[in-house]
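> Predicted coordinates and the sequence they were generated for:
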Amino acid sequence: MLKVGISSPWGIFAQGAEERRQSLAAVADAGLDHLFIADHVSFRGGSGTDGLVHLAALSGIEPRLNLYLGVFLLALRHPMVAARQVATLAEAAPGRLRLGVGVGGEDRHEFEVCEVDPATRGCRTNAALQILRALLAGDEVDWNDEFYQIDAGLIRPTPAPAVPIIVGGRSNAALDRAGLYGDGWLGAWCSSRRFIEGIERVGAKAASVDRTVDWQHGMQLWVGVGDTYEAAKETVADGMARFYRIPFAPFEKYTPCGTADDIAEFLAPYVEAGATT
C-alpha cells in the first residue's frame, strides 16, 4: 500500500500545545501516513533542525502518525551515539520510525564546522551504516578504520520491530549504498525514468552480495498546491528558492504543482515503478 506523508507543519514549535495537537490531528484525520522531517546541523547560515529530536518531540502528540526521517546526516554523528538515539526513539514509538540516511553535501561548511572533511562523507557514511545496522540488530561491534575505533560496542534494548533504514541520494554511489546497506532507496530530484533505473541498480547491487531485501523505495518531493499550475508554482518556487538559496528553475521539472489530481498524475509513474512512500 502506498504511504504518503507530509513534512512537519512550518512553525509548529511556535504554536501552543493545543494548536500543535490540532495541527497534527488534522494531518492524521486527512489519512496521511507519516510526518517527514529533514535533518541539518547548520545549513546555509546556521539553519536546520535535528531530525531525530524533532520527531521525538512530535511522536507522543499524535500516535496515529508514523515518523520518517529523511535524510539523517549520519556522517556528522558518531554511529554509537546515533544508534542509541534511534533505539531510544524506536522504543518510545515502536514500529513507527523509518530512518532515511544520506550524505548531504549541498553545504560543505556544514561538515567543516562539525570537523568532518566533506570529501570523506561518502566513505564515512558507508562505514557508519554498517556499524549502525549491526548495533540496531543487537550485535556487538568491533571496528577499527580511519574514521571509527570501536571496541565491543553494544546497544540494548534493540528496536522491535526493526527500524527500516532507507538510503537517500541521486548519485550512482547513493544507489550502490542503498543496495549494500539499505532497506530501500529514497529518491529526490529525479525523473520517473531515472527512478526506474535507480531501483534496478539498487537491486543489482544487492544481488551482487547475495542480499535479499523486502524493499521500501520512496520519493521525496516538494509540492506546490493550488487551483492552477501557475499559482501553485509561485508558492513552492518562493519557498524552495529561500531555503536552498538558488533559483527554482533547475527543480521545476521535478516538482509537481497544481490541484490534487495534477499532483497524483505526476506521481503515478513513480508508484508504478515501485515507490511505496
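Now that the structure is in, tell me what you want to look at.

> From here on, just use CA atoms for contacts and neighbour counts.
OK.

> in the stretch 101-250 of the chain, which spans are helices?
Taking DSSP state H, counting those that start in this stretch, the helices of the stretch 101-250 of the chain run over residues 108-112, 121-136, 172-181, 192-208, 229-244.

> List the residues that contact L97.
Contacts here follow CA atoms under 8 Å, 6 or more residues apart in numbering; on that basis L97 touches 66-69, 89-90, 163-164.

> Tell me where the model's unsure across this structure.
For the chain, applying pLDDT under 70 flags no range at all.

> For it, which segments count as strands?
Here the chain has its strands, by DSSP state E, at 5-7, 34-37, 66-73, 97-102, 141-144, 149-153, 165-168, 184-188, 218-220, 224-225, 257-258.

> So what touches the last one?
The list of residues contacting strand 257-258 from outside it, by CA under 8 Å, 6+ apart, reads 223-233, 263.

> What strands flank that strand, and is each parallel or antiparallel?
When pairing is defined by DSSP bridges, strand 257-258 lines up against strand 224-225 (parallel).

> can you check the second one too?
Each strand pairing with strand 34-37, determined using DSSP bridges, is listed with its direction: strand 5-7 (parallel), strand 66-73 (parallel).

> which of those strands is buried the deepest?
Ranked by average neighbour count under the criterion mean count of other CA atoms under 10 Å, the strands paired with strand 34-37 are headed by strand 66-73 at a mean of 24.

> then that strand to CSV, C-alphas only?
Provided in CSV are the C-alpha atoms of strand 66-73 (Å, rounded to 0.1, in the frame of the first residue of the first chain):
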residue,chain,number,x,y,z
ASN,A,66,4.3,7.3,11.7
LEU,A,67,7.7,9.0,11.7
TYR,A,68,10.1,9.3,8.7
LEU,A,69,13.5,11.0,8.9
GLY,A,70,14.7,11.9,5.5
VAL,A,71,17.6,12.2,5.4
PHE,A,72,19.7,11.9,8.5
LEU,A,73,23.3,13.2,8.0
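
> ok now that strand, how far from the chain's centre?
Its chain's C-alpha centre and that of strand 66-73 lie 4 Å apart, by CA atoms, centre = their mean, to the nearest Å.

> Check stretch 198-218 too.
The answer for stretch 198-218 is 18 Å, by CA atoms, centre = their mean.

> Tabulate the strands of the chain (TSV), appending distance to V27.
Shown next, in TSV, are these (distance: least, CA to CA, whole Å):
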stretch	distance to V27
strand 5-7	8
strand 34-37	8
strand 66-73	11
strand 97-102	17
strand 141-144	40
strand 149-153	39
strand 165-168	23
strand 184-188	22
strand 218-220	18
strand 224-225	16
strand 257-258	20
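
> Relative to D117, which of those strands is closest?
Closest to D117 of the strands of the chain, according to CA to CA: strand 66-73, at 13.5 Å.

> circling back to that earlier point, same list (the contacts of strand 257-258) but as a markdown table, adding neighbour count and distance to R124.
As requested, the contacts of strand 257-258 are exported to a markdown table (neighbours: other CA atoms under 10 Å; distance: CA to CA, whole Å):
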| residue | neighbour count | distance to R124 |
| --- | --- | --- |
| V223 | 18 | 32 |
| G224 | 23 | 35 |
| V225 | 21 | 38 |
| G226 | 18 | 41 |
| D227 | 12 | 45 |
| T228 | 13 | 44 |
| Y229 | 15 | 41 |
| E230 | 13 | 42 |
| A231 | 14 | 42 |
| A232 | 18 | 39 |
| K233 | 21 | 37 |
| I263 | 16 | 36 |
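
> Closest one of these to L129?
Taking CA to CA as the measure, L129 sits nearest to V223 out of those, at 29.8 Å.

> Share the number of residues neighbouring the residue nearest to the closest one when sequence neighbours are not counted, please.
Leaving out its chain neighbours, the residue that sits closest to V223 by CA to CA, 6 or more residues apart in numbering is P256, at 5.4 Å. Here the number of neighbours of P256 (other CA atoms under 10 Å) works out to 24.
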